[in-house]
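A.B. asks: how does the following fold in three dimensions:
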Amino acid sequence: MSDYEVKAGLEKIDGFSVVGLSMITSNETASEEINALWQDFFEKSIGQDVENRVDDVIYAVYSDYEGDHTKPYRLTIGYKIKGDPQMKDHLYHVEVQSADYAMMGAIGEQPKALIETWTAVWQSDLDRKFETDFEVYGKRFFEEGVHEVLVAIGVNL
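C.D. replies: All right, here's what the predicted structure looks like:
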């Protein structure tokens, strides 16, 4: 998925493993906590601690939902790995579920575009699974003037 093309719509995605920094949060307190987690992720150069990493694409995985989007959940920011996770103590391993995902591109000024995309998801009538959702920060995120985050929402068909 590191060279993905933007395609809104549904996509069946095979499960994969992500290792990175993790925390439990809720949308009531998320903005400050998530910013702090991202800051830690970059300041601590977490990528150097992730063994068996597939590439430099960053994933933000939402998992362990305690209900719908108004309830607590886990956010893990890290890298896709191949094989079994070999982890240092400060890292967390999460399995992204094989599922059908609604795919959306959040393009433009960040985090504004990403927040607008998530707000649209929360207000939509998507039949969400609330198992795993994820964001992909690939080459297009770091491209000047694009700053695209691919957002994948697990759905029931």
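
A.B. asks: the chain: helices as residue ranges?
C.D. replies: 30-43, 112-123, 139-142 (DSSP state H).

A.B. asks: what is the burial count for residue 113?
C.D. replies: When neighbours are defined as other Cβ atoms under 10 Å, residue 113 has 17 of them. All C-beta atoms are positioned from the backbone trio N, CA, C, and that covers glycine.

A.B. asks: who touches it in this structure?
C.D. replies: Counting by Cβ atoms under 8 Å, 6 or more residues apart in numbering, residue 113 touches 106, 107, 147, 149.

A.B. asks: so for it, what's the pLDDT?
C.D. replies: You'll see residue 113 listed with a pLDDT of 94.

A.B. asks: low-confidence regions, the protein specifically.
C.D. replies: Within the chain, the ranges that satisfy pLDDT under 70 run 1-8.

A.B. asks: strands of that one, start to end?
C.D. replies: 9-13, 16-25, 53-63, 73-81, 92-96, 99-106, 128-137, 149-155 (DSSP state E).

A.B. asks: which one of those strands lies nearest to residue 120?
C.D. replies: Closest to residue 120 of the strands of the chain, according to Cβ to Cβ: strand 99-106, at 7.9 Å.

A.B. asks: and the residue nearest the centre of this structure?
C.D. replies: Relative to the mean C-alpha position of the chain, the nearest C-alpha, by Cα atoms, centre = their mean, is the one of residue 60, at 2.4 Å.

A.B. asks: excluding chain neighbours, what is closest to that residue?
C.D. replies: Distances taken as Cβ to Cβ, 6 or more residues apart in numbering place residue 135 nearest to residue 60, at 4.2 Å, with adjacent residues excluded.

A.B. asks: tell me who's in contact with that neighbour.
C.D. replies: So residue 135 contacts 59, 60, 106, 114, 149, 150, 151, 152 (Cβ under 8 Å, 6+ apart).

A.B. asks: which of the residues you listed sits closest to residue 41?
C.D. replies: residue 60 (9.3 Å).
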